[in-house]
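Chemist: Just to be clear, the model below is a prediction. Sequence and coordinates:
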Amino acid sequence: MSQPWDYIAKLVCIGDSGTGKSSLTIRLCEGRFSSSHDVTIGVEFGSRIVPVGPPASVALDIDSDKYVRNGSFSSAFPNTSEDTVISGLPSPPRKAPDSQKKMKLSLWDTAGQETYKSITRSYFRGASGALLVFDITRPSTFISCTQWLQDLRQIAEDGIVVILVGNKSDLTGDDTKRNGRHVTRQEAEDWCRLNNVVRYVETSAKSGNGVERAFLEVAERIYRNIETGKYDLNDRRSGVKGFGATGGATAGMPKTVTLGLDDAMRRRSNGWAGNCC
């Protein structure tokens with residue numbers, strides 16, 4: 001029987017209250033959207049196993065960090081049709097695909113209220129990735145991102161992978177609405193360049209658009225850091241652990257929790273009372 005995952009990584013969702021952090025986590029873990037969700041008190045937990053590395057990573061095109069206004073990125077991956085041809089054969093042989101690697105994302109959805117900041121900040125320790133979420137219909141939540149990022153980088157390990165997420169893109173169809181877009185994509189991408197954040201992704205927890213992309217971006221960049229030897233997989237502080245690695249549970253990662261997408265749906269149908277996933 002093959003191992004369920006190759007690596008486990010701790011991710012935190014941070015940002016102001018009401019930006020949709022819990023909805024994004026629920027959408028990823030359970031594949032659903034709830035229009036009413038209790039305010040997060042402290043921290044809630046969920047997890048999801050996702051593919052990392054080739055061949056799945058090819059579709060992400062994350063090697064191109066050049067922002068463009070329509071949100072598309074030019075592919076930096078080689079054309080697979082240009083594989084080496086062995087002479088004498090009627091057609092080029094296809095290279096056998098590498099075994100797909102899998103990463104278990106341990107997701108910590110943090111409260112955005114100032115009241116709980118002393119609690120939520122403690123969960124920044126040992127995180128290898130973060131989704132910094134704001135609401136594109138509320139400029140104040142975008143302005144707050146600078147302080148959230150400063151707090152994160154003061155507490156988390158150096159080099160934590162951060163993605164800026166503009167949520168509620170489903171409300172941008174009509175900018176004349178009171179709750180329409182108030183933060184442009186260009187403003188968000190300029191902020192990323194200014195603050196050394198690797199990527200901006202727009203999402204809609206309601207429709208699901210961009211949600212998996214945001215989490216996969218973080219996972220893939222963590223995986224590439226693993227491949228380059230950036231993390232000590234036996235060090236609890238790194239926020240990353242390999243399957244079967246020694247050194248105990250990563251800080252903030254309960255070893256007994258194995259909540260994937262199917263598990264979440266099954267547990268909820270059986271009456272499991274978790275608040276998040």
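Modeler: Here it is on my side, so go on.
Chemist: Could you list the low-confidence segments of the stretch 1-150 of the chain?
Modeler: Scanning the stretch 1-150 of the chain for pLDDT under 70 picks out 1-2, 35-43, 63-98, 112-120.
Chemist: run the last query once more with 50
Modeler: 39-42, 66-91, 93-96 (pLDDT under 50).
Chemist: the helices in it, which residues?
Modeler: Taking DSSP state H, counting those that start in this stretch, the helices of the stretch 1-150 of the chain run over residues 21-30, 117-122, 139-143, 145-155.
Chemist: Select the longest helix from this protein.
Modeler: helix 211-227 (DSSP state H).
Chemist: Tell me the buried residues in it?
Modeler: 211-226 (16 or more other CB atoms under 10 Å). Quick note: C-beta positions are derived from backbone N, CA and C, even for glycine.
Chemist: Please apply the same query to stretch 159-171.
Modeler: 160-169, 171.
Chemist: Restricting to C-alpha, output it in PDB.
Modeler: Extracted in PDB, the C-alpha atoms of stretch 159-171 (Å, rounded to 0.1, in the frame of the first residue of the first chain):
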ATOM      1  CA  GLY A 159      11.500  32.700   4.000                       C
ATOM      2  CA  ILE A 160       7.900  31.700   4.700                       C
ATOM      3  CA  VAL A 161       6.000  31.400   1.400                       C
ATOM      4  CA  VAL A 162       3.300  34.100   1.300                       C
ATOM      5  CA  ILE A 163       0.500  34.400  -1.300                       C
ATOM      6  CA  LEU A 164      -1.800  37.500  -1.300                       C
ATOM      7  CA  VAL A 165      -5.400  36.500  -1.800                       C
ATOM      8  CA  GLY A 166      -8.100  38.900  -2.900                       C
ATOM      9  CA  ASN A 167     -11.400  37.100  -2.000                       C
ATOM     10  CA  LYS A 168     -15.000  37.700  -3.100                       C
ATOM     11  CA  SER A 169     -14.200  38.100  -6.800                       C
ATOM     12  CA  ASP A 170     -17.800  37.100  -7.500                       C
ATOM     13  CA  LEU A 171     -18.900  40.600  -6.400                       C
END
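Chemist: Take the helices of the stretch 1-150 of the chain and write them to CSV, including mean neighbour count.
Modeler: Formatted as CSV, the helices of the stretch 1-150 of the chain follow (neighbours: other CB atoms under 10 Å):
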stretch, mean neighbour count
helix 21-30, 25
helix 117-122, 15
helix 139-143, 17
helix 145-155, 16
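Chemist: and the longest helix of the chain, what does it pack onto?
Modeler: strand 7-14, helix 21-30, strand 43-52, strand 101-110, strand 129-135, strand 161-167, strand 199-202, strand 240-242 (3 or more CB pairs under 8 Å, 6 or more residues apart in numbering; DSSP states H and E).
Chemist: In CSV: these, plus distance to residue 182.
Modeler: Putting the helices and strands packed on helix 211-227 into CSV (distance: least, CB to CB, whole Å) gives the following:
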stretch, distance to residue 182
strand 7-14, 20
helix 21-30, 19
strand 43-52, 27
strand 101-110, 24
strand 129-135, 9
strand 161-167, 11
strand 199-202, 13
strand 240-242, 36
